[in-house]
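Enquirer: Have a look; sequence and predicted model below, questions after that.
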Amino acid sequence: MLEVPTDHAEDIIALMGNLGRRARAAARALATASTKAKNDALEAMADALVADKAEMLKANADDLRQVEGKGLQASFIDRLTLTSKSVDGMAQALREIAALPDPVGTVIAAWDRPNGLKIERVRTPLGVIGVVYESRPNVTADAGALCLKAGNAVILRGGSDSLHSSRAIHQSLIKGLKAAGLPEDAIQIVPTADRAAVGAMLTGLDGAIDVIVPRGGKSLVARVQNEARVPVFAHLEGLCHIYVDASAELDMAKSIVVNAKMRRTGICGAVETLLVDSAAIGTHLMPVLEALAEAGCEIRASAAVLKVFPGFKPATEEDWRTEYLDAIVSVAIVDGISGAIAHIGTYSSNHTEAVIAEDPKVVERFFNEIDSAILLHNASTQFADGGEFGMGGEIGIATGKMHARGPVGVEQLTSFKYRVHGTGQVRP
């Protein structure tokens, strides 16, 4: 797709308005598309991704060359980079989404009223989803596939840093739509890197867009949340915590903490703060910190930790509020589960928290009293992912409390309506 000239604000408004109208028309067709047609399109898309891999990797190389020497974080480059393996992974994710049950038309609940009315609550598509993302070309495939499966049209606006990669992936998705006889406008990509296009999407494009999903850094998400005139599914940042209780099995605690921090430091599910039970200072604290240090992690310790084991970098108040997205972790000692709950309640972004414990009462309090979107027991925070939840993928993680929360997969991209069957009833 060629860059569209955008010499005037009117050009952007006209361009985006046209995309919105086409997406709304496509959404009407998708709402009644058969499960077979959608699954056929997804399978054809997966085939096209694999067949077009060479072109995709070449486009990605162009994107990587453009960001060379800009001093970007390693986590940013990691998210931007495509490999043969990651393209195969995208294709596999599409096949997994095709294998999921079709949520559209599912009866969520049904009941009879005393007057004989039969009422059903039924899943329906949301309509048109707008997705704004940066440095994540894989989102092009994930978002396009998930929206399609849920019967939604989608308008994708990737960042300028991943423009070539996203366009190459988009071309493969269009091949899949064509092969299944579905409208090509079901998955559209904004053909300009002009930031004004994002602003236009946030207005809702005259009612064309029903929901916005941002995927990117804090500044992007904050802008979307502040300016959007339509509902937003998003999290601002992933300030994830792990609490190691005195009852935790030590080898398990070391393994989980290292994985949660170091497997991939640049993802939103990476742990940023480690909390250790004061009753476990002599048994768990140093072995866990040594395991992190051996893995290459920088440790920023609270005064209580430094009092017992001096030598680490002191943590500041800002550290407890920082999403590092790097091989850095802040560590504090807390007074048991009550202290952990208090610390998380003060600093968490309500994304993902984990408890490592064998005491069932500790686990029960952790699950009942912490209100983050995802809570784990004896498992790494890096499982905070729709694919790992069996959703086939996700369009993002939502930390709000309305509609979607946690991984936003196929079901979360639907709404519902009520179907009421009568036999001639009138209301007295």
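Expert: Everything's here; your move.

Enquirer: For the lengthiest helix in the chain, buried residues please.
Expert: Longest among the helix segments of the chain by residue count, using DSSP state H, is helix 9-31. Of all the residues in helix 9-31, those buried under the rule 16 or more other CB atoms under 10 Å are 12-13, 15-16, 19-20, 22-27, 30-31. Where you see a C-beta, it was placed from the backbone N, CA and C, and this is true even at glycine.

Enquirer: among those residues, which two are most distant?
Expert: With CB to CB as the measure, no two of these lie farther apart than Ile12 and Ala31, at 28.3 Å.

Enquirer: who's Tyr133 bridged to?
Expert: Note on Tyr133: beta-bridge partners Arg215, judged by DSSP bridges.

Enquirer: need the contact list for it.
Expert: Val139, Ala143, Leu156, Arg157, Gly158, Gly159, Pro214, Arg215, Gly216 (CB atoms under 8 Å, 6 or more residues apart in numbering).

Enquirer: give me the low-pLDDT residue ranges for this structure?
Expert: 1-9 (pLDDT under 70).

Enquirer: can we see that at 80?
Expert: Applying pLDDT under 80 to the chain picks out residues 1-10, 73-75, 392-393.

Enquirer: how does it divide into domains?
Expert: 9-233+408-420, 240-383 (automatic domain parsing).

Enquirer: Nearest to Lys401, out of the ones you listed?
Expert: Judged by CB to CB, the one of the domains of the chain that comes nearest to Lys401 is domain 240-383, at 8.6 Å.

Enquirer: Can you give me the first-to-last residue distance of that closest one?
Expert: Start to finish, the residues bounding domain 240-383 are 12 Å apart (CA to CA, to the nearest Å).

Enquirer: how about TSV for the contacts of Tyr133, with distance to Leu325 and neighbour count added?
Expert: Below are the contacts of Tyr133 laid out as TSV (distance: CB to CB, whole Å; neighbours: other CB atoms under 10 Å):
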residue	distance to Leu325	neighbour count
Val139	17	28
Ala143	21	30
Leu156	23	24
Arg157	22	25
Gly158	20	29
Gly159	16	23
Pro214	16	26
Arg215	14	27
Gly216	12	21
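
Enquirer: Let me know the closest of these to Met252.
Expert: Of those, the one sitting nearest to Met252 (CB to CB) turns out to be Arg215, at 32.0 Å.

Enquirer: mind checking how far that closest one is from Gly345?
Expert: Counting by CB to CB, to the nearest Å, the gap from Arg215 to Gly345 is 27 Å.

Enquirer: same check, this time on Gly409
Expert: Counting by CB to CB - Gly409 and Gly345 are separated by 28 Å.

Enquirer: same thing with Lys218?
Expert: Applying CB to CB to Lys218 and Gly345 gives a distance of 21 Å.

Enquirer: Ok, Ala208 next?
Expert: Taking CB to CB as the measure, Ala208 falls 39 Å from Gly345.

Enquirer: Near Asp251, how many other residues are there?
Expert: 10 (other CB atoms under 10 Å).

Enquirer: repeat for Ala145
Expert: When counting by other CB under 10 Å, one arrives at 30 neighbours for Ala145.

Enquirer: wait, it sits on Ala44?
Expert: No - the criterion here is CB atoms under 8 Å, and Ala145 misses it with Ala44 at 11.4 Å.

Enquirer: Packing partners of whichever strand or helix holds Asn226?
Expert: Using DSSP states H and E, Asn226 sits within helix 218-227. Judged by 3 or more CB pairs under 8 Å, 6 or more residues apart in numbering; DSSP states H and E, the packing partners of helix 218-227 are helix 196-202, strand 211-215.

Enquirer: In JSON lines: those, plus distance to Pro103.
Expert: Listed next are the helices and strands packed on helix 218-227 as JSON lines, based on distance: least, CB to CB, whole Å:
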{"stretch": "helix 196-202", "distance to Pro103": "25"}
{"stretch": "strand 211-215", "distance to Pro103": "15"}
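
Enquirer: Deepest-packed of the ones you listed, please.
Expert: Counting by mean count of other CB atoms under 10 Å, strand 211-215 has the highest mean neighbour count of those, with a mean of 26.

Enquirer: which helices and strands sit right next to that strand?
Expert: Taking 3+ CB pairs under 8 Å, 6+ apart as the contact cut, strand 211-215 packs with strand 128-133, helix 218-227.

Enquirer: sorry, back to before: mind checking which of the helices and strands packed on helix 218-227 is nearest Phe367?
Expert: With respect to Phe367, and counting by CB to CB, the nearest of those is strand 211-215 at 27.4 Å.

Enquirer: Just want the angle from that closest one to strand 128-133.
Expert: Angular relation of strand 211-215 and strand 128-133 on a 0 to 180 degree scale: 20 degrees, by axes from the mean of the first three to the mean of the last three CA atoms, to 10 degrees.
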